[in-house]
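>>> what follows is a predicted structure for the sequence shown.
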Amino acid sequence: EDQVTQSPEALRLQEGESSSLNCSYTVSGLRGLFWYRQDPGKGPEFLFTLYSAGEEKEKERLKATLTKKESFLHITAPKPEDSATYLCAVQASASKIIFGSGTRLSIRP
Amino acid sequence: DVKVTQSSRYLVKRTGEKVFLECVQDMDHENMFWYRQDPGLGLRLIYFSYDVKMKEKGDIPEGYSVSREKKERFSLILESASTNQTSMYLCASRDSSTNEKLFFGSGTQLSVL
């Protein structure tokens, strides 16, 4: 069964304290892995797409990496404005996009 | 800038009412989606439309129907609202030529009393 699991559910960091969020997946045919950011009361906003193992993408303090079974979202020297829920999703077909439950990230000043 | 607009931010309805949730996109995208988001369950697909008048059931279509008469508009209908349909509803659109990222609306928080 296609499945996406994110860990941890919640993460509290001090400003400047780097860490990583994990997204483990099982899917019959990966057509893309996506990371989204969601702020409270808003819809998810696209961050990255990764297609093949070994691929990496970066944007400001965020870097996403992909292996055959998982993806990591590394956050380097985070700031309070990075606080949000981060969602991982895998695309198995044109209509089948499976989302994880998300990681709630909180950065304390 | 790309925009997906959902007609209501908050909605309160009574059990048994017929509810319409509207979504409009301005990007000329073929694909549109309706998801519901519940704590601990992530986003679950209700319906997918790959083009005008074309639809496909998602993972949880029971109790819902959809309408796509024009390319820019995708409506979600709750035929007879029930309390277990209290949720955040998210609409999204996507360019079918790339099958890439989804563009989401801000969501409608629906409460069924």
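All right, it came through fine. Quantities reported herein were computed from a predicted structural model and do not represent experimental measurements. Residues are numbered from 1 along each chain as shown, chains lettered A, B, ... in the order given.

>>> quickly find the element holding A:Leu73.
strand A:70-75 (DSSP states H and E).

>>> list the contacts of the residue most central in space within chain B.
Closest to where the C-alpha atoms of chain B average out (CA atoms, centre = their mean) is B:Trp34, at 2.9 Å. Shown in contact with B:Trp34 (CB atoms under 8 Å, 6 or more residues apart in numbering or on different chains): B:21, B:23, B:45-48, B:58, B:64, B:66, B:74, B:76, B:89-91. In short, each C-beta sits where N, CA and C put it, glycine included.

>>> give me the subset of those residues lying in strands.
Among these, the members found in strands (DSSP state E) are B:21, B:23, B:45-48, B:64, B:66, B:74, B:76, B:89-91.

>>> and of those residues, the nearest to A:Tyr86?
B:Leu90 (15.9 Å; CB to CB).

>>> look at the closest one and report its pLDDT.
Looking at B:Leu90, its pLDDT stands at 98.

>>> that one contacts B:Phe104, doesn't it?
Yes - with contact defined as CB atoms under 8 Å, B:Leu90 reaches B:Phe104; the gap is 5.6 Å.

>>> overlap of the contact sets of these two?
Common neighbours of B:Leu90 and B:Phe104 (CB under 8 Å, 6+ apart) are A:43-44.

>>> is it true that A:Asp39 touches A:Ala84?
Yes - the criterion here is CB under 8 Å, and A:Asp39 meets it with A:Ala84 at 5.2 Å.

>>> okay, the two: which has more neighbours?
Counted by other CB atoms under 10 Å in any protein chain shown, A:Asp39 and A:Ala84 do not tie: A:Ala84 has more neighbours, with 20 against 13.

>>> for the residue in chain A that chain B sits nearest to, grab phi and psi.
As assessed by CB to the nearest CB, chain B sits closest to A:Gly43 within chain A, at 3.2 Å. A:Gly43 adopts backbone torsions of phi -80, psi 160, taken as degrees, to the nearest 10.

>>> not counting its neighbours along the chain, what's nearest it?
Spatially, and ignoring its direct neighbours in sequence, A:Gly43 is nearest to B:Phe104 (3.2 Å; CB to CB, 6 or more residues apart in numbering or on different chains).

>>> so the one you found is in contact with A:Asp39, correct?
No - B:Phe104 is beyond contact range of A:Asp39, at 11.4 Å (criterion: CB under 8 Å).
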